[in-house]
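Chemist: just the structure for this:
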Amino acid sequence: MDIFKMPRMEKSEYDMLIDEEFMCRIAFNGELRPYIAPFLYVFDGKFLYFLSTKYGKKVQHFMKNPLVTVEIERYSSDLSSFAFVSIPGRLVEVEDQKTKRAAREMFVQLIKSKGLSLNVLSALGHSPDKPIESLLVGEQNSVWKLVGVDTKQISGLKSSGRF
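Modeler: Numbers count the residues shown, from 1 in each chain. The predicted structure is shown next:
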């Protein structure tokens, strides 16, 4: 039996995927099983940033073990083309006010540029009845940053067709 292996993505390909997408899944080390949660993310060219509510299982798992894997994907509606990248690393909570503000501003810009519904604010710890700029004030959520990424451990795969 012939085994077909999906083509690996080059670094430039998965960098482009990371830069162009904005939704991901983060796999946390759960109690009995991995715990996976969807997140919006922004990428500043060096680090991935996430906004997290200050409650819920993801926060509990983050506090117990910040080692995670972030998965970003893109696929066509009929799955004739697809690509995904898995990025292992460690989440840290951003404490520096300037960095937090910059990340929050990137999230505001992302939501505006993608034309996302203000309902997304509820997933970020804010009321969808408030203006998008509410992300810039208060501390209803935490800013997390992915660090400790070993590029040799990044796994990017794609369909054989061009995406």
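Chemist: quick one: low-confidence parts of the chain?
Modeler: The chain contains residues with pLDDT under 70 at 161-163.
Chemist: if we go to 80?
Modeler: 1, 138, 160-163 (pLDDT under 80).
Chemist: who's in contact with the biggest strand by length in it?
Modeler: Identified as the longest strand of the chain according to DSSP state E is strand 82-93. Strand 82-93 is contacted by residues 9, 13-14, 17-18, 26, 48, 50, 62, 66-76, 142-150, 153-159, 163 when judged by CB atoms under 8 Å, 6 or more residues apart in numbering. Quick note: C-beta positions are derived from backbone N, CA and C, even for glycine.
Chemist: in strands only, show me the residues you listed.
Modeler: Per DSSP E, these map to strands at 26, 48, 50, 67-75, 142-147, 155-158.
Chemist: of those residues, buried ones?
Modeler: Buried residues within the ones in strands among the contacts of strand 82-93, counting neighbours by 16 or more other CB atoms under 10 Å: 26, 48, 50, 68-70, 72, 74, 142-146, 156-158.
Chemist: which residues touch Tyr35?
Modeler: 27-29, 57-58, 61.
Chemist: so what's the backbone phi/psi at the residue nearest to Thr151 when sequence neighbours are not counted?
Modeler: Excluding the flanking residues, the one nearest Thr151 by CB to CB, 6 or more residues apart in numbering is Lys11, at 7.3 Å. The phi/psi pair for Lys11 (degrees, to the nearest 10) reads phi -60, psi -40.
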